[in-house]
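In: My questions are about this predicted structure, shown below with the sequence.
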Amino acid sequence: MFKALVPNQRYAVFFGLGVATFATLGGGLLYSRWLLLITAICGALFLLGIHDLRQRRHAILRNYPVVGHLRFLLESIRPEIRQYIIESDNDAVPFNRQDRGLVYQRAKGEEDKRPFGTIENVYGSGYSWLTHSATPVTIADSNFRVRIGGSGCKRPYDASLYNISAMSFGSLSANAILALNTGARKGGFAHDTGEGSISRYHRQGAGDLIFQIASGYFGCRDDEGQFSPEKFTALSADPQVKMIEIKLSQGAKPGHGGMLPASKISPEIAEARGIPLGIDCTSPAAHSTFSTPIGLMGFIGRLRELSSGKPVGFKLCIGHRREFMSMVKAMLQTGTLPDFIVVDGAEGGTGAAPVEFANRVGMPMLEGLTFVHNTLRGAGIRDQIKIGAAGKIVSAFDIARTLALGADWCNAARGFMFAIGCIQAQSCHTNRCPVGIATQDPIRQRAVDVGDKSDRVARFHRNTMRALGDIAGAAGLANPSDFMPYHFMFRQKDNEFLDGNEAFPYLPEGFLVSEKEIPELSDWYDRWDRASAESFAPPEIPHGPFRKRNAK
């Protein structure tokens, strides 16, 4: 083996360390004991090289003993090198520095203006812009609200146009939850609990809550993990709870369940979720309370009754479009309508998701929102159901564009995380969040100063709403809720752009249930025909393109 090693220069460092070890050892014994320190360092590295040659796990270490560890060191700090040295202001991974900087500035109350001009490629595909008016208006009051609650709702809620999206206690630290919820109270907007239920830190913050119920029924489950009407009634009676949201799927990992290992379940998490200590907690991919569209409507009606008439809706990322149409058919058949629907985009975030799910599963928010909005219009019930939307919405322009394409309000998770100090280290799943937000480590989360960070949350919201009022006024509107698709332009190719009415049109009211069909919308009618209120399953398994009807 020694003969094989000698001719290869890649072992030069290894042999050099061996020579240095014995040379400094002799020098230390004969001349100066200070050389023994060098002996210890070189000897330790030489022994590491011997270990590298003998181990079988890493091929690079067997071929490059000692120096091969530099590769792993550089790889470990690659995200930081990219973020702080290489990344440009508009590189999105997943939020670019320009967007993050905007949130930091507005949260801190610092100057958020930019000198010299845009850094966007305004002629590149994907660029979109607002069309302004020659007669702009000034909007003095930026406390924009939307009333959520249909005819079956006894206790409607006047929600802000911008709220904190679902993030569970357990995924986020206690101080992070407390800072977010306290900020929501100070700013007068809502905070979605996420599927982890209501913790003591939500209650301590005293901000308005959207209580999310997912397939694990945390906070309202019995000992077998099934939905408990009694526990739900008690929890929903809390005046802090303003709305109830059934989570069908989330954008970052739609159709995927989860498991919280027993080692990560603290007494506080167990208290909030209503689960035992010392046992792995499973969150199934699908609900056990219902399995059909009609069953979902029945569950919505049941929750509305148990909560004494609070707004009840559901959240989903669009997958099979036919399945959402099945839900709409169930609404028409049963007469039970949700008060709201939240559309989450595939670009949404999460603490941890399989790469395939995060990158390739689910419909992006703009397309999903447009589909939901137009399906409800086609069924003639859009005016009875409010729509929320989530998915990388951090600026006033993001909110305005989303409102124009059919949403009534917007939610953001990572935007508000930036407001409390998130640096996008992307280590949420490691429990070693460098700023103490996405961790349960009590030492790390001490970095989140609740008083200061809650002020930043409220300030970010307030400044974003002011900016929203400014761009609504620039478009000549009195309220951001008046945005329509034609207020925006979308560049499809480098030399071609479309009016918003062309790119994301509003389809005619009632077209899906009208006797007269519109030939250009034959795809919508075909999909509507395949949808069933009784089942999510397809009526037939497609082995090729569906034969389209000849609409007349």
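Out: All right, it came through fine.
In: which residues touch residue 209?
Out: 181, 190, 191, 192, 193, 198, 202, 238, 240, 241, 242 (CB atoms under 8 Å, 6 or more residues apart in numbering). C-beta coordinates here come from the backbone N, C-alpha and C atoms, glycine included.
In: middle-most residue in the protein, spatially?
Out: Among the residues of the chain, the one closest to the centroid is residue 349, at 2.9 Å (CA atoms, centre = their mean).
In: Show me the contacts of residue 209 that map onto helices.
Out: Using DSSP state H, the members of the contacts of residue 209 that fall within helices are 181, 202.
In: Buried ones among the contacts of residue 209?
Out: By neighbour count, with 16 or more other CB atoms under 10 Å, the contacts of residue 209 hold 181, 190, 191, 192, 193, 198, 202, 240, 241, 242 as buried.
In: Nearest to residue 327 among those residues?
Out: Taking CB to CB as the measure, residue 192 is the one of these closest to residue 327, at 20.6 Å.
In: residue contacts, the closest residue in space to residue 246 that isn't next to it in sequence?
Out: Distance criterion CB to CB, 6 or more residues apart in numbering; nearest residue to residue 246, sequence neighbours excluded, is residue 314 at 4.1 Å. Counting by CB under 8 Å, 6+ apart, residue 314 makes contact with 245, 246, 247, 248, 296, 300, 338, 341, 342.
In: Now do the same for the fifth one: helix, strand or coil?
Out: Pointing back at residue 296 there. helix (DSSP: H, G, I helix; E, B strand; the rest coil).
In: quick one: which of the buried ones among the contacts of residue 209 is nearest to residue 543?
Out: Nearest to residue 543 out of the buried ones among the contacts of residue 209 is residue 192 (CB to CB; 40.9 Å).
In: Let me see the contact set for residue 39.
Out: Per CB under 8 Å, 6+ apart, neighbours of residue 39: 21, 24, 25, 28.
In: from what I can see residue 397 touches residue 471, true?
Out: Yes: assessed by CB atoms under 8 Å, residue 397 is found in contact with residue 471 at 6.6 Å.
In: shared neighbours of those two, which are they?
Out: With CB under 8 Å, 6+ apart as the test, residue 397 and residue 471 both reach residue 130.
In: These two: which is more packed in?
Out: residue 471 (21 against 16; other CB atoms under 10 Å).
In: could you measure that one against residue 275, distance?
Out: 45 Å (CB to CB, to the nearest Å).
In: swap in residue 220?
Out: 12 Å.
In: again with residue 124
Out: Residue 124 is 49 Å from residue 275, by CB to CB.
In: more crowded one of these two?
Out: Using other CB under 10 Å as the criterion, residue 124 and residue 275 rank with residue 275 on top: 22 against 10.
In: Now do the buried residues in the longest helix along the chain.
Out: As assigned by DSSP H, the longest helix anywhere in the chain is helix 450-474. Neighbour counts using 16+ other CB under 10 Å place 450, 453-465, 467-469, 471-474 of helix 450-474 among the buried residues.
In: Give the other helices and strands that it contacts.
Out: helix 97-108, strand 162-164, helix 174-187, helix 396-404, helix 414-419 (3 or more CB pairs under 8 Å, 6 or more residues apart in numbering; DSSP states H and E).
In: can we see that at 10 Å?
Out: helix 97-108, strand 128-130, strand 162-164, helix 174-187, helix 200-205, helix 396-404, strand 409-412, helix 414-419 (3 or more CB pairs under 10 Å, 6 or more residues apart in numbering; DSSP states H and E).
In: average model confidence for stretch 170-186?
Out: For stretch 170-186, mean pLDDT rounds to 96.
In: Between the two ends of stretch 179-198, how far is it?
Out: Stretch 179-198 has an end-to-end distance of 15 Å (CA to CA, to the nearest Å).
In: Also stretch 483-500?
Out: Counting by CA to CA, you get 11 Å between the two ends of stretch 483-500.
In: what's the spacing between it and its chain's center?
Out: 26 Å (CA atoms, centre = their mean, to the nearest Å).
In: Now it: buried residues?
Out: Applying 16+ other CB under 10 Å to stretch 483-500 flags 483, 485, 487, 488, 489, 490, 491, 497, 498, 500 as buried.
In: ok, those vs residue 378, which is closest?
Out: Distances from residue 378 to the buried residues of stretch 483-500, taken by CB to CB, are shortest for residue 485, at 16.4 Å.
In: Excluding sequence neighbours, find me the nearest residue to that closest one.
Out: Using CB to CB, 6+ apart, the closest residue to residue 485 is residue 500 (3.2 Å).
In: Then residue 307?
Out: Using CB to CB, 6+ apart, the nearest residue to residue 307 is residue 236, at 3.9 Å.
In: CA atoms only for stretch 46-57, dumped as PDB, please.
Out: The C-alpha coordinates for stretch 46-57 follow below in PDB (Å, rounded to 0.1, in the frame of the first residue of the first chain):
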ATOM      1  CA  PHE A  46      -1.700  12.700  10.600                       C
ATOM      2  CA  LEU A  47      -3.800  10.200  12.600                       C
ATOM      3  CA  LEU A  48      -6.900  11.700  11.000                       C
ATOM      4  CA  GLY A  49      -5.300  10.900   7.600                       C
ATOM      5  CA  ILE A  50      -4.700   7.300   8.700                       C
ATOM      6  CA  HIS A  51      -8.300   7.100   9.600                       C
ATOM      7  CA  ASP A  52      -9.300   8.600   6.300                       C
ATOM      8  CA  LEU A  53      -7.300   5.900   4.400                       C
ATOM      9  CA  ARG A  54      -8.900   3.100   6.400                       C
ATOM     10  CA  GLN A  55     -12.600   4.200   6.400                       C
ATOM     11  CA  ARG A  56     -14.900   3.000   3.700                       C
ATOM     12  CA  ARG A  57     -17.700   5.600   3.800                       C
END
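In: For that stretch, which outside residues touch it?
Out: 1, 5, 11, 13-22, 58, 60-69 (CB atoms under 10 Å, 6 or more residues apart in numbering).
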